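>>> Quick one: sequence and predicted model below, then my questions.
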Amino acid sequence: MTGERPDVLVIGAGVVGAACAYFCAAAGLRVAVLERGGVAGGTTSGGEGNILVSDKSPSPELDLALLSVRLWGELGERFGPDAFELEHKGGVVVAQSPEAARGLAALTAEQRGLGVEAVDVSATELAELEPNLTPDVCAGAFYPQDMQVQPMLAAAELLRGARALGATVHTGTEVLAFRCTREAVQGVVTNRGEFAARWVVNAAGTWGGAVSELAGAPVPVLPRRGFVLVTEPLPRVIRHKVYTADYVANVASGDAGLETSVVVEGTRAGTVLIGASRERVGFDRQFSLPVVRKLAAQALGVFPFLADVALLRSYLGFRPYCPDHLPVIGADPRLPGLVHACGHEGAGIGLAAATGHLIAQELTGAKPDLDLTPFRADRFADRSTEEQT
């Protein structure tokens, strides 16, 4: 075994793993983070940095998002907003048809009843919020709680905070196997030796399914590919995160085929990010010109001025998708000592703070702020293999 035995091994140094490490270390636990690549080199590097409540329908995920928004705000105060490039920018959802407007109004009414700040706005008010928005809109909603961070920076800063509290971070360290007795996990075997701990946290993002298989307690986490376009730097011409009302439906869809719904937002650096696409194609990293063209065309439908703006690049990432669109969070009842923090799909950055906080509460014996039952790892036991693939 390597070095001193920590209380917690966290597998994965993306933003979720970093949050788990930070909150566990802040709770007084001894923590070691194992990452096969570099910090934030996987799913986190392909994210836009969204911290959202606006795209969450009433569900346990919305409860998780509301908790996370509060915690990200507290982390911003603790670390300083520049540490994460945290922006309280707010979100704007637009409806481009009367039917979409009615659906959006019904959603905001439900959300408000659960603690979401959702303000219904008219087409005229949309123009005041976003002067460069297309006039072809019927109505919309403004969500002041929505925020944004720079995801790789956030992961690095949280790990820096964890190290200041005594945690260790081991990059280039790939988990090859679990050491288990019949009763519990004892540790892991890596390409750099063995690590023992009381708990092992699976925060491996899109590869969380593969890690769970190594432990012999599988969870059905699958990759869902998405592209993001990046424009040349501009003055701050887009003030909020802006997306169309059909984005929420696409997020909730389990269709394996290509789905796109436009999401446009500016960054502190001046570039504009354009998403979002979703398709289940395994870990295929091949560039797709049709997807990029479709995203660009949809962006023009919301912000026509982008027709005269140059695209600098595009990038892709793999969202860790679970069949019921809920992450897997908490101790695995099938294998004591194994803890999961994965399967957040495209919301992992936003939900990271709450996930890390809840994991730390559970491991220290504190009562979690949320009921973790909806996120249990064994909830898939009754699903057929066909449903999970």
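It's in.

>>> and stretch 295-304, which residues are buried?
Neighbour counts over stretch 295-304 (16 or more other Cβ atoms under 10 Å) mark 295-296, 298-300, 302-303 as buried. In this view, the C-beta of every residue, glycine as well, is placed from N, C-alpha and C.

>>> Residue 62 touches residue 112, doesn't it?
No. With the criterion set as Cβ atoms under 8 Å, residue 62 and residue 112 do not qualify as a contacting pair; they are 11.7 Å apart.

>>> quick one, which of those two is more surrounded?
Set side by side, residue 62 and residue 112 give different neighbour counts by other Cβ atoms under 10 Å, the larger being at residue 62 (18 against 13).

>>> Report the contact partners of the spatially closest residue to that one that is not a sequence neighbour.
Residue nearest to residue 62 in three dimensions, not counting chain neighbours: residue 56, with 4.0 Å by Cβ to Cβ, 6 or more residues apart in numbering. For residue 56, the contacting residues are 62, 65, 111, 116, 347, by Cβ atoms under 8 Å, 6 or more residues apart in numbering.

>>> Please name the nearest non-neighbouring residue to the fourth one.
Meaning residue 116. Closest to residue 116 by Cβ to Cβ, 6+ apart is residue 53, at 5.1 Å.

>>> Roughly how far does that neighbour sit from residue 354?
Applying Cβ to Cβ, to the nearest Å, one obtains 12 Å for the distance of residue 53 from residue 354.

>>> shared neighbours of those two, which are they?
Going by Cβ under 8 Å, 6+ apart, residues that sit against residue 53 and also against residue 354 are residue 65.

>>> Who are the packing partners of the host helix or strand of residue 341?
In this assignment (DSSP states H and E), residue 341 forms part of strand 338-342. Based on contacts counted as 3 or more Cβ pairs under 8 Å, 6 or more residues apart in numbering; DSSP states H and E, the elements that strand 338-342 packs against are helix 15-26, strand 199-202, helix 208-215, strand 328-331, helix 348-363.

>>> Residue 216 against residue 180, yeah?
Yes. Assessed by Cβ under 8 Å, residue 216 is found in contact with residue 180 at 7.1 Å.

>>> Overlap in contacts, those two.
The overlap between the contact sets of residue 216 and residue 180 (Cβ under 8 Å, 6+ apart) consists of residue 335.

>>> Could you check the strand holding residue 341 and say which residues are buried?
Of the residues in strand 338-342, those buried under the neighbour-count criterion (16+ other Cβ under 10 Å) are 338-342.

>>> so which of the residues you listed comes closest to residue 90?
Relative to residue 90, the closest of those is residue 341; by Cβ to Cβ it sits at 27.7 Å.
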